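1. Predicted model follows, preceded by the sequence.
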Amino acid sequence: YQNCEDPIRLGIDTDQGAFSRFIAVPSDYVFPLPEDMNPQKAVLIRPIMQIRSELNRINQMMGGSGDCLVVGDTPKGKLVTQVLDFSSEYPVTQVEQDTLHSSVHSPDLTEYDLLIEAVGNSETAKRSIQKARQGSVILLLGNQYRKFNLTNKDILEKTVIKPETDSTIELNKAIDIVSS
């Protein structure tokens, strides 16, 4: 729905409103959870599924090794860092988005094989892509990016990934992460 000008989210924008007791949901969108799972933790399953799904795509490309930088001290950025720490797939460093715009404290992005932009800020995404080294993978996990222009030199021999859809393949792994 990110590309839709007038998105309608089930249970939020419908006539029943948020958290309605009476809502018909297509069975394709309902998954059983452990009965003892805390509902406050259960809401993390969908974003964790997305993160895990994208990490699997990246693992297939990179072989599951390399240093990772998560850009964004946002809730999503913190969640990405926790998922990476839990799975121990990549040594991970997390920085605030503002550090990329600082000439003094900006990290050297050429040291990282995987950059994950978790803010949704177009300027931060553009800067991450421009400063990344050739051969690196840049994952744009933020929700809303305005259009921005890149040159051929900016993206030369780099892989830029923007997730398009959710995947339920990682449902059980997401439940394990939330349950631990």
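-> Arrived safely.
2. Return the set of buried residues in the helix or strand bottoming out on mean pLDDT in the chain.
-> Within the chain, no helix or strand scores below helix 171-179, which has a mean of 79 by mean pLDDT, DSSP states H and E. For helix 171-179, the neighbour count (16 or more other Cβ atoms under 10 Å) marks 171, 173, 174, 175, 177, 178 as buried. Every residue, glycine included, has its C-beta placed from N, CA and C.
3. List the contacts of that helix.
-> Defining contact as Cβ atoms under 8 Å, 6 or more residues apart in numbering, one finds that helix 171-179 is touched by 31, 33-34, 37, 41-42, 44-46, 48-49, 52, 82-83, 86.
4. and the helix or strand residue 70 falls within, how far out from the chain's middle?
-> Using DSSP states H and E, residue 70 sits within strand 68-71. Taking Cα atoms, centre = their mean, to the nearest Å, one finds strand 68-71 lying 11 Å from the centre of the chain it belongs to.
5. hmm, who's touching that strand?
-> With Cβ under 8 Å, 6+ apart as the test, strand 68-71 has contacts from 77, 80-81, 84, 90-95, 97, 100, 107, 109, 111-119, 124, 128.
6. at 7 Å instead, please
-> With contacts defined as Cβ atoms under 7 Å, 6 or more residues apart in numbering, strand 68-71 is touched by 77, 80-81, 84, 90-95, 97, 100, 107, 109, 112, 114-119, 124, 128.
7. Only whichever of these are buried, select them in ChimeraX.
-> Selection of buried members from the contacts of strand 68-71 for ChimeraX, criterion 16+ other Cβ under 10 Å:
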select :77,80,81,84,90,92,94,95,97,100,107,109,112,114,115,116,117,118,119,124,128
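8. Which parts of the chain are helices?
-> 39-42, 45-62, 75-87, 122-131, 152-155, 171-179 (DSSP state H).
9. List the residues that contact the spatially most central residue of the chain.
-> Nearest residue to the geometric centre of the chain (Cα atoms, centre = their mean): residue 141, 3.5 Å. Taking Cβ under 7 Å, 6+ apart as the criterion, residue 141 is in contact with 54, 76, 80, 116, 117, 118, 163.
10. Next, count neighbours for the second one.
-> Looking back up the chat, that one is residue 76. 19 (other Cβ atoms under 10 Å).
11. Touching, it and residue 116? I think so.
-> No: when contacts are counted by Cβ atoms under 7 Å, residue 76 is not listed as touching residue 116 (9.5 Å).
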